[in-house]
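Undergrad: Build the 3D model from these lines:
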Amino acid sequence: MRTAIVLLNWNGRKLLEKFLPGVIAHADGAEVVVADNASTDDSVPFIEKHFPDLRIIRLKENMGFAGGYNKVLAQIEASYYVLLNTDVEVTPGWLTPLIEWMEAHPETAACQPAIRSYDRKDHFEHAGAAGGYIDKYGYPFCRGRLFNTLEKDEGQHATEREIFWATGACAVVRAHAFRESGGFDEAFFAHMEEIDLCWRFRRAGHQVWCLPGTVVYHVGGATLDSGNPRKTYLNFRNNLMMLHKNLPSQRLAGVLAYRFIWDAVAAVKFFSDGDTGDARAVIRAWTWFLRHRKERRVVRRAVTDRFGAGCIYQGSVVSEYYFKGCRRFSELKGSFS
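TA: All right, here's what the predicted structure looks like:
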(Lines give C-alpha, C1' and ligand atoms only; values in the text may rest on other atoms or scores of the structure.)
Protein backbone atom coordinates (compact mmCIF):
# COMPACT_ATOMS: atom_id res chain seq x y z
CA MET A 1 0.00 0.00 0.00
CA ARG A 2 1.47 3.31 -1.12
CA THR A 3 0.04 6.79 -0.62
CA ALA A 4 0.92 9.92 -2.58
CA ILE A 5 -0.02 13.42 -1.43
CA VAL A 6 -0.31 15.44 -4.62
CA LEU A 7 -0.47 19.24 -4.58
CA LEU A 8 -1.46 20.89 -7.84
CA ASN A 9 0.23 24.28 -7.98
CA TRP A 10 -0.39 27.28 -10.19
CA ASN A 11 1.51 30.46 -9.33
CA GLY A 12 1.31 29.56 -5.66
CA ARG A 13 4.84 30.28 -4.51
CA LYS A 14 3.68 32.19 -1.40
CA LEU A 15 1.27 29.41 -0.48
CA LEU A 16 3.98 26.77 -0.92
CA GLU A 17 6.30 28.73 1.33
CA LYS A 18 3.60 28.95 3.99
CA PHE A 19 2.02 25.49 3.89
CA LEU A 20 4.34 23.01 2.16
CA PRO A 21 6.70 22.55 5.15
CA GLY A 22 3.74 21.43 7.28
CA VAL A 23 2.56 18.99 4.61
CA ILE A 24 6.02 17.42 4.46
CA ALA A 25 6.35 17.33 8.26
CA HIS A 26 2.98 15.62 8.68
CA ALA A 27 2.97 13.35 5.63
CA ASP A 28 2.66 10.24 7.85
CA GLY A 29 4.91 8.20 5.55
CA ALA A 30 3.24 9.26 2.28
CA GLU A 31 5.19 10.55 -0.69
CA VAL A 32 4.68 14.27 -1.32
CA VAL A 33 4.53 15.35 -4.95
CA VAL A 34 4.08 18.88 -6.29
CA ALA A 35 2.54 19.07 -9.75
CA ASP A 36 3.13 22.44 -11.37
CA ASN A 37 0.40 23.61 -13.75
CA ALA A 38 2.71 25.75 -15.94
CA SER A 39 3.26 28.44 -13.33
CA THR A 40 4.76 31.74 -14.44
CA ASP A 41 6.02 32.72 -10.99
CA ASP A 42 9.04 31.28 -9.18
CA SER A 43 7.21 28.30 -7.65
CA VAL A 44 9.45 25.65 -9.18
CA PRO A 45 12.78 27.39 -8.42
CA PHE A 46 11.58 27.88 -4.83
CA ILE A 47 10.86 24.16 -4.41
CA GLU A 48 14.11 23.14 -6.07
CA LYS A 49 16.08 25.40 -3.74
CA HIS A 50 14.36 24.65 -0.43
CA PHE A 51 13.09 21.09 -0.98
CA PRO A 52 15.60 19.54 -3.40
CA ASP A 53 14.48 15.96 -2.70
CA LEU A 54 10.82 16.66 -3.42
CA ARG A 55 9.38 15.21 -6.61
CA ILE A 56 8.09 17.83 -9.04
CA ILE A 57 6.01 17.02 -12.11
CA ARG A 58 5.92 19.92 -14.55
CA LEU A 59 3.07 20.42 -16.99
CA LYS A 60 3.69 22.36 -20.18
CA GLU A 61 0.39 24.23 -19.99
CA ASN A 62 -2.20 25.16 -17.39
CA MET A 63 -4.69 22.30 -17.69
CA GLY A 64 -6.86 23.40 -14.78
CA PHE A 65 -7.72 21.28 -11.77
CA ALA A 66 -9.34 18.48 -13.77
CA GLY A 67 -6.85 18.12 -16.62
CA GLY A 68 -3.87 18.84 -14.40
CA TYR A 69 -4.69 16.10 -11.93
CA ASN A 70 -5.53 13.62 -14.69
CA LYS A 71 -2.18 14.19 -16.37
CA VAL A 72 -0.20 14.03 -13.15
CA LEU A 73 -1.91 11.10 -11.41
CA ALA A 74 -1.33 8.97 -14.51
CA GLN A 75 2.39 9.33 -13.74
CA ILE A 76 2.16 8.30 -10.07
CA GLU A 77 2.05 4.70 -8.86
CA ALA A 78 0.06 4.55 -5.62
CA SER A 79 -2.87 2.82 -3.99
CA TYR A 80 -4.26 6.12 -2.72
CA TYR A 81 -4.05 9.63 -4.09
CA VAL A 82 -4.41 12.47 -1.60
CA LEU A 83 -5.63 15.53 -3.47
CA LEU A 84 -4.54 18.56 -1.48
CA ASN A 85 -4.82 22.25 -2.31
CA THR A 86 -1.73 24.36 -1.81
CA ASP A 87 -3.69 26.67 0.54
CA VAL A 88 -4.43 23.98 3.14
CA GLU A 89 -2.81 23.78 6.56
CA VAL A 90 -2.67 20.18 7.72
CA THR A 91 -2.49 19.03 11.33
CA PRO A 92 -0.41 16.36 13.08
CA GLY A 93 -1.80 12.90 12.40
CA TRP A 94 -4.41 14.18 9.94
CA LEU A 95 -3.78 11.59 7.24
CA THR A 96 -3.47 8.27 9.09
CA PRO A 97 -7.19 7.93 10.07
CA LEU A 98 -8.22 8.59 6.47
CA ILE A 99 -5.92 5.91 5.07
CA GLU A 100 -6.91 3.46 7.81
CA TRP A 101 -10.56 4.01 6.89
CA MET A 102 -9.84 3.36 3.20
CA GLU A 103 -7.96 0.17 4.08
CA ALA A 104 -10.79 -1.09 6.29
CA HIS A 105 -13.60 -0.12 3.88
CA PRO A 106 -12.83 -1.25 0.33
CA GLU A 107 -16.26 -0.06 -0.82
CA THR A 108 -15.18 3.55 -0.15
CA ALA A 109 -13.81 5.32 -3.24
CA ALA A 110 -13.06 8.64 -1.52
CA CYS A 111 -13.11 10.25 1.89
CA GLN A 112 -12.35 13.64 3.39
CA PRO A 113 -11.57 15.16 6.79
CA ALA A 114 -13.48 18.08 8.27
CA ILE A 115 -12.52 21.28 6.48
CA ARG A 116 -12.35 24.32 8.72
CA SER A 117 -11.55 27.91 7.85
CA TYR A 118 -7.93 28.99 8.12
CA ASP A 119 -8.99 32.51 9.10
CA ARG A 120 -11.72 31.41 11.56
CA LYS A 121 -10.47 28.12 12.86
CA ASP A 122 -13.58 27.36 14.89
CA HIS A 123 -15.81 27.59 11.80
CA PHE A 124 -16.28 25.24 8.88
CA GLU A 125 -14.94 26.30 5.48
CA HIS A 126 -16.95 26.68 2.29
CA ALA A 127 -15.17 24.02 0.21
CA GLY A 128 -16.23 20.81 1.91
CA ALA A 129 -17.03 21.62 5.56
CA ALA A 130 -18.13 18.28 7.10
CA GLY A 131 -19.04 16.62 3.81
CA GLY A 132 -20.81 17.51 0.59
CA TYR A 133 -24.37 16.90 -0.63
CA ILE A 134 -26.63 18.05 -3.44
CA ASP A 135 -30.37 18.64 -3.54
CA LYS A 136 -32.67 17.12 -6.16
CA TYR A 137 -32.07 20.10 -8.44
CA GLY A 138 -28.30 19.72 -8.32
CA TYR A 139 -27.44 22.56 -5.93
CA PRO A 140 -24.40 21.59 -3.83
CA PHE A 141 -24.17 22.28 -0.11
CA CYS A 142 -22.37 20.84 2.89
CA ARG A 143 -22.91 19.60 6.37
CA GLY A 144 -21.85 22.79 8.13
CA ARG A 145 -22.36 25.15 5.16
CA LEU A 146 -25.48 26.27 3.30
CA PHE A 147 -24.58 28.62 0.44
CA ASN A 148 -22.31 31.27 2.03
CA THR A 149 -23.41 30.67 5.63
CA LEU A 150 -20.76 28.80 7.60
CA GLU A 151 -21.52 27.10 10.90
CA LYS A 152 -19.28 27.26 13.93
CA ASP A 153 -17.94 23.79 14.65
CA GLU A 154 -19.40 22.94 18.04
CA GLY A 155 -19.30 19.18 17.57
CA GLN A 156 -22.69 19.05 15.86
CA HIS A 157 -21.18 17.26 12.85
CA ALA A 158 -18.63 15.11 14.66
CA THR A 159 -19.94 11.73 13.49
CA GLU A 160 -18.52 9.79 10.58
CA ARG A 161 -21.08 9.93 7.82
CA GLU A 162 -21.57 8.80 4.25
CA ILE A 163 -21.77 11.84 1.98
CA PHE A 164 -22.49 12.54 -1.67
CA TRP A 165 -19.21 14.28 -2.57
CA ALA A 166 -15.80 14.86 -1.05
CA THR A 167 -14.04 18.15 -1.59
CA GLY A 168 -11.17 18.50 -4.04
CA ALA A 169 -9.47 20.77 -1.49
CA CYS A 170 -8.51 17.72 0.58
CA ALA A 171 -9.62 14.20 -0.24
CA VAL A 172 -8.21 10.69 -0.30
CA VAL A 173 -9.15 8.87 -3.50
CA ARG A 174 -8.74 5.15 -4.18
CA ALA A 175 -6.48 4.97 -7.23
CA HIS A 176 -8.15 2.06 -9.04
CA ALA A 177 -11.61 3.63 -8.59
CA PHE A 178 -10.28 6.88 -10.02
CA ARG A 179 -8.84 5.11 -13.05
CA GLU A 180 -11.92 2.94 -13.64
CA SER A 181 -14.16 6.02 -13.53
CA GLY A 182 -12.10 7.76 -16.20
CA GLY A 183 -10.80 10.37 -13.77
CA PHE A 184 -11.94 13.98 -13.80
CA ASP A 185 -13.93 15.35 -16.71
CA GLU A 186 -11.40 17.72 -18.28
CA ALA A 187 -14.12 19.82 -19.91
CA PHE A 188 -14.87 21.16 -16.41
CA PHE A 189 -11.36 22.70 -16.15
CA ALA A 190 -12.03 23.72 -12.53
CA HIS A 191 -14.95 23.76 -10.06
CA MET A 192 -17.44 20.94 -9.39
CA GLU A 193 -15.30 18.32 -11.10
CA GLU A 194 -15.02 16.50 -7.77
CA ILE A 195 -18.83 16.40 -7.41
CA ASP A 196 -19.14 14.93 -10.89
CA LEU A 197 -16.44 12.36 -10.08
CA CYS A 198 -18.10 11.35 -6.80
CA TRP A 199 -21.46 11.05 -8.55
CA ARG A 200 -19.85 8.60 -10.98
CA PHE A 201 -18.25 6.76 -8.06
CA ARG A 202 -21.66 6.34 -6.47
CA ARG A 203 -23.30 5.22 -9.71
CA ALA A 204 -20.61 2.53 -9.91
CA GLY A 205 -21.59 1.28 -6.45
CA HIS A 206 -18.85 2.96 -4.39
CA GLN A 207 -19.27 5.06 -1.27
CA VAL A 208 -17.91 8.46 -0.22
CA TRP A 209 -17.37 9.39 3.44
CA CYS A 210 -16.44 12.25 5.73
CA LEU A 211 -14.35 11.55 8.83
CA PRO A 212 -14.65 14.75 10.90
CA GLY A 213 -12.42 13.41 13.67
CA THR A 214 -9.47 14.62 11.61
CA VAL A 215 -9.25 18.29 10.59
CA VAL A 216 -7.42 20.53 8.13
CA TYR A 217 -7.68 24.30 7.62
CA HIS A 218 -8.39 25.80 4.21
CA VAL A 219 -7.75 29.39 3.12
CA GLY A 220 -10.10 29.17 0.12
CA GLY A 221 -10.29 31.41 -2.94
CA ALA A 222 -6.52 31.46 -3.34
CA THR A 223 -6.68 30.94 -7.12
CA LEU A 224 -10.04 32.53 -8.00
CA ASP A 225 -11.84 34.54 -5.32
CA SER A 226 -15.59 34.40 -4.86
CA GLY A 227 -16.17 37.67 -6.73
CA ASN A 228 -14.39 36.59 -9.90
CA PRO A 229 -16.75 36.30 -12.93
CA ARG A 230 -14.58 33.47 -14.27
CA LYS A 231 -15.38 31.46 -11.14
CA THR A 232 -19.09 32.30 -11.47
CA TYR A 233 -19.05 31.13 -15.09
CA LEU A 234 -17.34 27.83 -14.29
CA ASN A 235 -19.63 27.08 -11.35
CA PHE A 236 -22.85 27.67 -13.32
CA ARG A 237 -21.64 26.00 -16.52
CA ASN A 238 -20.11 22.99 -14.81
CA ASN A 239 -23.19 22.40 -12.69
CA LEU A 240 -25.28 22.21 -15.87
CA MET A 241 -22.78 19.79 -17.44
CA MET A 242 -22.83 17.63 -14.33
CA LEU A 243 -26.62 17.38 -14.35
CA HIS A 244 -26.65 16.63 -18.08
CA LYS A 245 -24.19 13.78 -17.57
CA ASN A 246 -25.58 12.18 -14.46
CA LEU A 247 -29.34 12.69 -14.28
CA PRO A 248 -31.61 10.00 -15.73
CA SER A 249 -33.45 11.10 -18.86
CA GLN A 250 -36.88 11.24 -17.25
CA ARG A 251 -35.69 13.81 -14.69
CA LEU A 252 -33.41 15.95 -16.83
CA ALA A 253 -35.92 18.24 -18.58
CA GLY A 254 -37.75 19.14 -15.37
CA VAL A 255 -34.58 19.85 -13.44
CA LEU A 256 -33.11 21.99 -16.24
CA ALA A 257 -36.36 23.99 -16.46
CA TYR A 258 -36.20 24.64 -12.71
CA ARG A 259 -32.53 25.61 -12.97
CA PHE A 260 -33.16 27.95 -15.89
CA ILE A 261 -35.67 29.92 -13.83
CA TRP A 262 -33.46 30.22 -10.77
CA ASP A 263 -30.30 30.91 -12.74
CA ALA A 264 -32.18 33.71 -14.50
CA VAL A 265 -33.16 35.07 -11.09
CA ALA A 266 -29.51 34.90 -10.04
CA ALA A 267 -28.45 36.84 -13.15
CA VAL A 268 -31.03 39.55 -12.48
CA LYS A 269 -29.87 39.76 -8.85
CA PHE A 270 -26.25 40.16 -9.99
CA PHE A 271 -27.28 42.98 -12.34
CA SER A 272 -29.33 44.74 -9.65
CA ASP A 273 -26.36 44.54 -7.26
CA GLY A 274 -24.04 46.03 -9.87
CA ASP A 275 -22.17 42.76 -10.44
CA THR A 276 -22.52 42.90 -14.21
CA GLY A 277 -19.54 40.60 -14.78
CA ASP A 278 -21.18 37.85 -12.74
CA ALA A 279 -24.52 38.40 -14.47
CA ARG A 280 -22.89 38.03 -17.88
CA ALA A 281 -21.08 34.93 -16.61
CA VAL A 282 -24.42 33.22 -15.88
CA ILE A 283 -25.67 34.05 -19.39
CA ARG A 284 -22.41 32.79 -20.92
CA ALA A 285 -22.67 29.56 -18.93
CA TRP A 286 -26.13 28.80 -20.29
CA THR A 287 -25.10 29.81 -23.81
CA TRP A 288 -22.15 27.40 -23.70
CA PHE A 289 -24.28 24.60 -22.32
CA LEU A 290 -27.05 24.98 -24.92
CA ARG A 291 -24.50 25.04 -27.74
CA HIS A 292 -22.48 22.05 -26.56
CA ARG A 293 -24.95 19.70 -24.91
CA LYS A 294 -25.56 17.70 -28.09
CA GLU A 295 -21.90 16.92 -28.65
CA ARG A 296 -21.74 15.53 -25.10
CA ARG A 297 -24.82 13.37 -25.61
CA VAL A 298 -22.60 10.30 -25.98
CA VAL A 299 -21.84 10.70 -22.26
CA ARG A 300 -25.56 10.77 -21.42
CA ARG A 301 -26.23 7.49 -23.22
CA ALA A 302 -24.17 5.71 -20.57
CA VAL A 303 -26.36 6.99 -17.73
CA THR A 304 -28.56 4.51 -15.91
CA ASP A 305 -32.04 5.43 -14.74
CA ARG A 306 -30.79 6.08 -11.23
CA PHE A 307 -30.68 9.61 -9.88
CA GLY A 308 -28.12 8.63 -7.31
CA ALA A 309 -27.42 6.13 -4.55
CA GLY A 310 -28.36 8.17 -1.51
CA CYS A 311 -27.24 11.39 0.17
CA ILE A 312 -29.35 13.51 -2.18
CA TYR A 313 -31.64 15.97 -0.42
CA GLN A 314 -35.15 15.52 -1.78
CA GLY A 315 -36.15 19.13 -1.16
CA SER A 316 -34.96 22.44 -2.60
CA VAL A 317 -32.08 23.91 -0.63
CA VAL A 318 -32.67 27.22 -2.47
CA SER A 319 -36.24 27.41 -1.18
CA GLU A 320 -35.24 26.33 2.33
CA TYR A 321 -32.45 28.90 2.54
CA TYR A 322 -33.95 31.96 0.86
CA PHE A 323 -37.64 31.59 1.73
CA LYS A 324 -37.75 29.52 4.93
CA GLY A 325 -34.68 31.00 6.61
CA CYS A 326 -32.75 27.75 7.08
CA ARG A 327 -29.13 28.58 7.84
CA ARG A 328 -27.88 25.32 9.35
CA PHE A 329 -27.72 21.80 7.98
CA SER A 330 -29.83 20.53 10.90
CA GLU A 331 -32.67 22.90 9.94
CA LEU A 332 -33.32 21.13 6.62
CA LYS A 333 -36.59 19.29 7.10
CA GLY A 334 -36.71 17.13 3.97
CA SER A 335 -35.41 13.61 3.55
CA PHE A 336 -32.26 12.23 1.96
CA SER A 337 -32.35 9.27 -0.39
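Undergrad: which SS class is residue 78?
TA: coil (DSSP: H, G, I helix; E, B strand; the rest coil).
Undergrad: For residue 283, give me its contacts.
TA: residue 267 (CB atoms under 8 Å, 6 or more residues apart in numbering). C-betas here are computed from N, CA, C, even on glycine.
Undergrad: check which helix or strand covers it.
TA: Under the criterion of DSSP states H and E, residue 283 resides in helix 276-292.
Undergrad: buried stuff in that helix?
TA: Of the residues in helix 276-292, those with enough neighbours to count as buried (16 or more other CB atoms under 10 Å) are 278-282, 285-286, 289.
Undergrad: Would you map out the domains in the chain?
TA: Domain segmentation of the chain under automatic domain parsing yields 3-218, 229-310.
Undergrad: Out of those domains, the one nearest residue 333 is which?
TA: domain 3-218 (12.5 Å; CB to CB).
Undergrad: on that earlier part again, quickly, which of the domains of the chain bottoms out on average pLDDT?
TA: Mean pLDDT values for the domains of the chain show the minimum at domain 229-310, a mean of 87.
Undergrad: Dump the buried residues of helix 276-292 to JSON lines, plus distance to residue 143.
TA: Output for the buried residues of helix 276-292, formatted as JSON lines (distance: CB to CB, whole Å):
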{"residue": "278", "distance to residue 143": "27"}
{"residue": "279", "distance to residue 143": "31"}
{"residue": "280", "distance to residue 143": "33"}
{"residue": "281", "distance to residue 143": "28"}
{"residue": "282", "distance to residue 143": "27"}
{"residue": "285", "distance to residue 143": "27"}
{"residue": "286", "distance to residue 143": "30"}
{"residue": "289", "distance to residue 143": "29"}
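Undergrad: Quick one: neighbours of residue 21, just the number.
TA: Counted with other CB atoms under 10 Å, residues neighbouring residue 21 total 12.
Undergrad: quick revisit: tell me which of the domains of the chain sits most buried.
TA: Of all the domains of the chain, domain 3-218 has the most neighbours on average by mean count of other CB atoms under 10 Å, namely a mean of 19.
Undergrad: from the chain's centre, how far out does that one sit?
TA: Centroid displacement of domain 3-218 relative to its chain, using CA atoms, centre = their mean, to the nearest Å, is 8 Å.
Undergrad: Show me what the helix or strand that residue 22 is a member of is packed up against.
TA: Using DSSP H and E, residue 22 maps to helix 13-25. On a contact count with 3 or more CB pairs under 8 Å, 6 or more residues apart in numbering; DSSP states H and E, helix 13-25 meets strand 3-9, strand 31-36, helix 43-50, strand 88-89.
Undergrad: Before I go, just wanted to say thanks for your time.
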